[in-house]
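1. one predicted model, sequence on top.
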Amino acid sequence: MTHQIRRALALLISFCFATQVQAWSNTEIQWIYGDIQFPSNQAATKTSTFTLVNASGGEGWDTFFFIDRATYDYDSQAGNNNEFVSKFFANYSLSALLDKDLSAGLLKDIGLTAGFKHAPEVDSLWIMPSIRLDFDLPGFRFANVRLGYYKHQWGGSPTASHFSVLDETASYMINFVWDYPFEIGSSKWNVGGFVEYIAGNTQISNVGVTKKTSWVLAQPQIRLDLGHSLGQEAGKLFVGVEYQFWHNKLGNPVVNESAPQLMLAWSF
């Protein structure tokens, strides 16, 4: 295990011990299927993605992480047809930290967030410290905006046999996350997801230096509570569609993507 990974794990463990007793937690497994485009060669391929998602929290703090495993129907640049990516965010309320109500109008709270992104296929980890603005919007279960730093922390080897990111110049990110439940007749639905903007930067890889363009990724989902519709426990089984939209996918200015995908989800 590298020194950088040990440091990242130490930060996560420290946060877990520093927070109070967990008050709530929700874990979900999602399966998403559709045509996904490779940013390197613009080829589209049938892609099956399994995602493990967890959100937990307590008094004044919350965490969120996901792990994606995508399986393509042909070999990727990494030398196989499976790719992983994961993100972890740990947020602490400034209202709780300062023992002061920071709400104002639609603004409910301000948080300090530590974030990490890991992409083993390119041998890289990014850090994403940020400020989170939580909003109290009518009808929304939650809505927040994260304004943060986007920094490549460590990378791979120049002699790697697959595409490997060695370094990137620092950038910044803006992220909007929301969930809005609603009903149609007796059926329960929700629309949720995120929109993310990451400013362009310069990437150094084992194949050269690339100027990456600013990009936008949006992944809204519309979901039916299938368990409730079948007369079973609500909030456990969902079916729906995830729409994946990229503008300048992963910084490639000639790749834009518009991909509706089938989605099934089990929450526990």
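-> Looks like it arrived, so ask away. Numbers count the residues shown, from 1 in each chain.
2. so where is the stretch 1-150 of the chain shaky, pLDDT-wise?
-> Within the stretch 1-150 of the chain, the ranges that satisfy pLDDT under 70 run 1-22, 39-42, 74-80.
3. one more pass at 50, please.
-> Applying pLDDT under 50 to the stretch 1-150 of the chain picks out residues 1, 5, 17, 19, 76-79.
4. mind checking how far the residue nearest the centre of the chain is from residue 173?
-> Nearest to the geometric centre of the chain sits residue 87, at 5.7 Å (Cα atoms, centre = their mean). When Cβ to Cβ, to the nearest Å is the yardstick, residue 87 and residue 173 sit 11 Å from each other. No exception for glycine: its C-beta is placed from N, CA and C like everyone else's.
5. and residue 24, by the same measure?
-> Distance, residue 24 to residue 173, using Cβ to Cβ: 27 Å.
6. what about those two, which has more around it?
-> Neighbours per residue (other Cβ atoms under 10 Å) separate residue 24 from residue 173, with residue 173 holding more: 18 against 9.
7. surely that one touches residue 145?
-> No: applying Cβ atoms under 8 Å as the test, residue 173 and residue 145 come out as separate, 10.9 Å apart.
8. how many residues are close by residue 177?
-> 17.
9. buried ones in the one helix or strand it maps to?
-> Using DSSP states H and E, residue 177 maps to strand 171-184. Neighbour counts over strand 171-184 (16 or more other Cβ atoms under 10 Å) mark 171-173, 175-178, 180 as buried.
10. can you give me how far stretch 114-121 is from the chain middle?
-> From the chain centre to the centre of stretch 114-121 is a distance of 10 Å (Cα atoms, centre = their mean, to the nearest Å).
11. from the chain's centroid, how far away is stretch 234-241?
-> Mean-position distance between stretch 234-241 and its chain equals 19 Å (Cα atoms, centre = their mean).
12. what's the mean pLDDT across it?
-> Averaged across stretch 234-241, pLDDT comes to 97.
13. contacting residues for the residue nearest to residue 260 when sequence neighbours are not counted?
-> Distance criterion Cβ to Cβ, 6 or more residues apart in numbering; nearest residue to residue 260, sequence neighbours excluded, is residue 243 at 5.2 Å. By Cβ atoms under 8 Å, 6 or more residues apart in numbering, the contact set of residue 243 is 218-221, 258-261.
14. got those residues as TSV, with neighbour count, secondary structure and distance to residue 30 columns?
-> As requested, the contacts of residue 243 are exported to TSV (neighbours: other Cβ atoms under 10 Å; DSSP: H, G, I helix; E, B strand; the rest coil; distance: Cβ to Cβ, whole Å):
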residue	neighbour count	secondary structure	distance to residue 30
218	16	strand	17
219	17	coil	11
220	15	coil	14
221	21	strand	9
258	12	strand	20
259	17	strand	15
260	12	strand	15
261	20	strand	10
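15. now for these: which two are most distant?
-> Greatest spatial distance in those: 221 and 258, 15.2 Å, computed using Cβ to Cβ.
16. can you show me the strands along the stretch 51-200 of the chain?
-> 61-72, 82-93, 107-119, 124-127, 130-135, 142-154, 165-168, 171-184, 187-198 (DSSP state E, counting those that start in this stretch).
17. quick one, the third one and strand 82-93 angle?
-> Here strand 107-119 points in a direction 150 degrees away from that of strand 82-93 (axes from the mean of the first three to the mean of the last three Cα atoms, to 10 degrees).
18. ditto for the fifth one
-> Between strand 130-135 and strand 82-93, the angle comes out at 70 degrees (the same axes, to 10 degrees).
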